[in-house]
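Below is the structure, and that's it, no one-letter string:
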């Protein structure tokens, strides 16, 4: 068994882990990053949906009533996300939910977070698409919105437009290094400052350290790169400060498994889980009506038939983000891209069924699909059961796991889903332009790529596991800086908010590290990097 020491141990290397790793290393601390997945190079991101390719870096974790799509590699979710980078609306920070009390800390408002948003946007960096950069699918949504009396706008993205080839393979990583993942900024900057990044190291539990001068001992196993169910070796890292960023599915499980050794954990750990209110729909367009009603056509004569061309997310409608509207009625609608193979996994609310001629016809017309994502205000009703013996979930096959989370949507959450369904129907079914088929949650549960809230910040210990500095209540020196810390669904893609919150948390982590006897100083410049 390997036994090592570090000043700061960071668990996970996505937005929530890479950002503290860089700043703590730049501040002068010895930093070690443990990442469950492998370390990919750009050439490893193949344009293929064959098992054994993308399943190395992406996991689908099935819970009771919800499935989560998550990154599994150095860079975490930043490697497999679609790069849409939006600031959460101001009203999100005032949300009260069904608990009828403010869920975000009083110290956190949109105005208070804006300087940290600025930093994250600059470091990635984020660029604002213009209409010539919009995919054809995004243009179809925009034209349909305009025709229905709605607005639609290009989306800011963390993409180097000069390097982007519009290949639409973001789900399995960017082989052109155009998507601004953590692999291109914070992580190489952390390594340049001396941080050590260890891939295929899966953290199992946290306990008090028995070494003088160290507070926590973190146990891990090293995974076989060809079979993640096999363990090559195990070890322990002794740290003065621990930053948990294993994702909203991984972080609460590690803490639950650690509870006996730590003498208990806050009751809110593993509760208030959110899927960011995600609601996926497939609109099957009528090619003739796209031409006749929207006046669109491609150079080859097709009216549309371009689901697969361009970037996954380029346009969105923000009309339903009225701060004066009732909670659970506000949402964003967004053009998105899911590979057609996911249609095999999705049962829609209005048919066709899993098998048969209708299903085959729908699949045959996949180029005419317009896949859509609504991000609504859900009720944070998810929770985690007892943790598995090892890992964040039980791995069933490459890229597929069984998680301990459960999610049974409340009436309030369904209100938000119903409102977004109605809006999409009003826009896209007008005069027979398309048929909108939301993915039903009755077969496999809700689907989200934006898990949040399972270990959230807040002012009330009854409903939050962390204080407003992201420190675990009752356990000085343990911080959570990933999506688990986000208190509510955001009505927009959460990556930029997670990054901004991580930037905001860093000064407090530096202060705690200094109290632990490490000579550190906050204030390093933002990272730059990439090809």
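Ah, there it is. A quick note: this is a predicted structure, and the numbers were derived from the prediction, not measured.

So which bits of the helix or strand residue 372 falls within are buried?
Assigned by DSSP states H and E, residue 372 belongs to strand 369-375. For strand 369-375, the neighbour count (16 or more other C-beta atoms under 10 Å) marks 369, 370, 371, 372, 373, 374, 375 as buried. The C-beta positions use only the backbone N, C-alpha and C, and glycine is treated the same way.

Counting by contacts, list what it packs against.
With contacts taken as 3 or more C-beta pairs under 8 Å, 6 or more residues apart in numbering; DSSP states H and E, strand 369-375 sits against helix 136-147, strand 278-285, strand 332-335, helix 411-428.

Run through the helices of the stretch 351-500 of the chain in chain order.
357-364, 411-428, 495-515 (DSSP state H, counting those that start in this stretch).

Residue 228: which of those is closest?
helix 495-515 (24.5 Å; C-beta to C-beta).

Averaged pLDDT, the closest one. What do you get?
Mean per-residue pLDDT for helix 495-515: 98.

what's the answer for stretch 280-300, then?
94.

Kindly report the same for stretch 163-181.
92.

Any idea how far apart the tips of that stretch sit?
Taking C-alpha to C-alpha, to the nearest Å, stretch 163-181 runs 14 Å from one end to the other.

Figure out how far that stretch is from the centre of its chain.
17 Å (C-alpha atoms, centre = their mean, to the nearest Å).

Pull out the buried positions in that stretch.
164, 168-175, 177-181.

Stretch 60-80 now?
Those would be 60-63, 65-80, for stretch 60-80 by 16+ other C-beta under 10 Å.

what's the answer for stretch 198-214, then?
For stretch 198-214, burial by neighbour count (16+ other C-beta under 10 Å) applies to 198, 199, 200, 201, 202, 203, 204, 205, 206, 209, 214.

what do you get for stretch 118-127?
119, 120, 121, 123, 124, 125, 126, 127.

neighbours of the residue nearest to residue 310 when sequence neighbours are not counted, just the number please.
Spatial nearest neighbour of residue 310, chain neighbours left out: residue 135 (2.6 Å); criterion: C-beta to C-beta, 6 or more residues apart in numbering. Using other C-beta atoms under 10 Å, residue 135 has 23 other residues around it.

Residue 314 versus residue 135, what's the distance?
Applying C-beta to C-beta, to the nearest Å, one obtains 5 Å for the distance of residue 135 from residue 314.

just residue 133 next, same as before
For residue 133 relative to residue 314 (C-beta to C-beta), the value is 7 Å.

try residue 9
Taken as C-beta to C-beta, the span from residue 9 to residue 314 is 39 Å.

Straight-line length of stretch 37-57, end to end?
Start-to-end, stretch 37-57 (C-alpha to C-alpha) is 7 Å.

Which residues in it does the neighbour count mark as buried?
For stretch 37-57, by 16+ other C-beta under 10 Å, it's 37, 38, 39, 40, 45, 53, 54, 55, 56, 57.

Reformat those residues into a markdown table and put secondary structure, pLDDT and distance to residue 149 next to each item.
Shown next, in a markdown table, are those (DSSP: H, G, I helix; E, B strand; the rest coil; pLDDT from 0 to 100; distance: C-beta to C-beta, whole Å):
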| residue | secondary structure | pLDDT | distance to residue 149 |
| --- | --- | --- | --- |
| 37 | coil | 96 | 45 |
| 38 | coil | 96 | 49 |
| 39 | coil | 96 | 49 |
| 40 | coil | 93 | 45 |
| 45 | coil | 91 | 41 |
| 53 | coil | 79 | 43 |
| 54 | helix | 77 | 39 |
| 55 | helix | 83 | 43 |
| 56 | helix | 87 | 45 |
| 57 | coil | 90 | 41 |
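
of all these, which comes closest to residue 405?
residue 37 (19.5 Å).

Okay, now the unreliable bits of this structure?
339-363, 440-444, 529-531 (pLDDT under 70).

Next up, the contacts around the most centrally placed residue in it.
Geometric centre of the chain, nearest residue: residue 450, 3.9 Å, by C-alpha atoms, centre = their mean. Contact analysis of residue 450 by C-beta atoms under 8 Å, 6 or more residues apart in numbering lists 275, 276, 278, 375, 483, 493, 494.

wait, isn't residue 237 in contact with residue 220?
Yes - between residue 237 and residue 220 there is a contact under C-beta atoms under 8 Å: 7.0 Å.

list residues touching both of these two?
In contact with both residue 237 and residue 220: residue 34, using C-beta under 8 Å, 6+ apart.

How about residue 450: what's its closest non-neighbour residue?
residue 276 is the one closest to residue 450 (C-beta to C-beta, 6+ apart), at 3.6 Å.

my guess is the one you found is in a strand, correct?
No - read with DSSP: H, G, I helix; E, B strand; the rest coil, residue 276 is coil and lies in no strand.

so how many other residues sit close to it?
Residues near residue 276, counting by other C-beta under 10 Å: 26.

How about residue 100?
Neighbours around residue 100, by other C-beta under 10 Å: 8.

who are the neighbours in contact with it?
Contacts of residue 100 (C-beta under 8 Å, 6+ apart): none.

roughly how far apart are it and residue 286?
In terms of C-beta to C-beta, residue 100 sits 45 Å off from residue 286.

hmm, back to that, comparing the helices and strands packed on strand 369-375, which stretch has the densest surroundings?
Stretch with highest mean neighbour count among the helices and strands packed on strand 369-375: strand 332-335 (a mean of 27; mean count of other C-beta atoms under 10 Å).

what helices or strands is it leaning on?
helix 136-147, strand 315-317, strand 369-375, helix 411-428.

how about those in TSV, adding distance to residue 32?
Below are these laid out as TSV (distance: least, C-beta to C-beta, whole Å):
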stretch	distance to residue 32
helix 136-147	41
strand 315-317	39
strand 369-375	35
helix 411-428	39
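
what sits opposite residue 395 in the beta ladder?
residue 401 (DSSP bridges).

what about stretch 479-486, how long is it end to end?
Termini of stretch 479-486 sit 13 Å apart (C-alpha to C-alpha).

now it, how far from the centre of its chain.
On C-alpha atoms, centre = their mean, the centre of stretch 479-486 falls 11 Å from the chain's centre.

Quick check, residue 275 in contact with residue 446.
Yes - applying C-beta under 8 Å as the test, residue 275 and residue 446 come out as touching, 5.4 Å apart.

For these two, indicate the residue with more neighbours.
Neighbour comparison, residue 275 and residue 446: the larger count goes to residue 275, with 33 against 24 (by other C-beta under 10 Å).

wait, what's in contact with the more buried one?
Contacts for residue 275 (C-beta under 8 Å, 6+ apart) come out as 66, 68, 378, 382, 407, 446, 447, 448, 450, 451, 452, 489.

hang on, isn't residue 473 packed against residue 460?
No - the pair residue 473 and residue 460 does not pass the contact test of C-beta under 8 Å, sitting 10.7 Å apart.

Pick out whichever of those two has more residues nearby.
Neighbours were counted for residue 473 and for residue 460 using other C-beta under 10 Å; residue 473 has more, 17 against 12.

could you pull out the strands for the stretch 151-300 of the chain?
153-154, 156-157, 196-198, 201-208, 216-224, 227-244, 271-273, 278-285 (DSSP state E, counting those that start in this stretch).

Format those strands as CSV; extra columns: distance to residue 435.
Listed next are those as CSV, based on distance: least, C-beta to C-beta, whole Å:
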stretch, distance to residue 435
strand 153-154, 25
strand 156-157, 29
strand 196-198, 47
strand 201-208, 44
strand 216-224, 44
strand 227-244, 40
strand 271-273, 32
strand 278-285, 5
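
So for residue 513, which of the ones you listed sits nearest?
Comparing the strands of the stretch 151-300 of the chain under C-beta to C-beta, the one sitting nearest is strand 227-244, at 5.0 Å.

Identify the residue spatially nearest to residue 369, adjacent ones excluded.
Nearest to residue 369 is residue 307, by C-beta to C-beta, 6+ apart, at 4.8 Å.

what about residue 220, how many neighbours?
23.

element containing residue 105?
With DSSP H and E as the criterion, residue 105 is inside neither a helix nor a strand.

check contacts around it.
Taking C-beta under 8 Å, 6+ apart as the test, what residue 105 contacts is 457, 458, 459, 464, 467, 468, 487.
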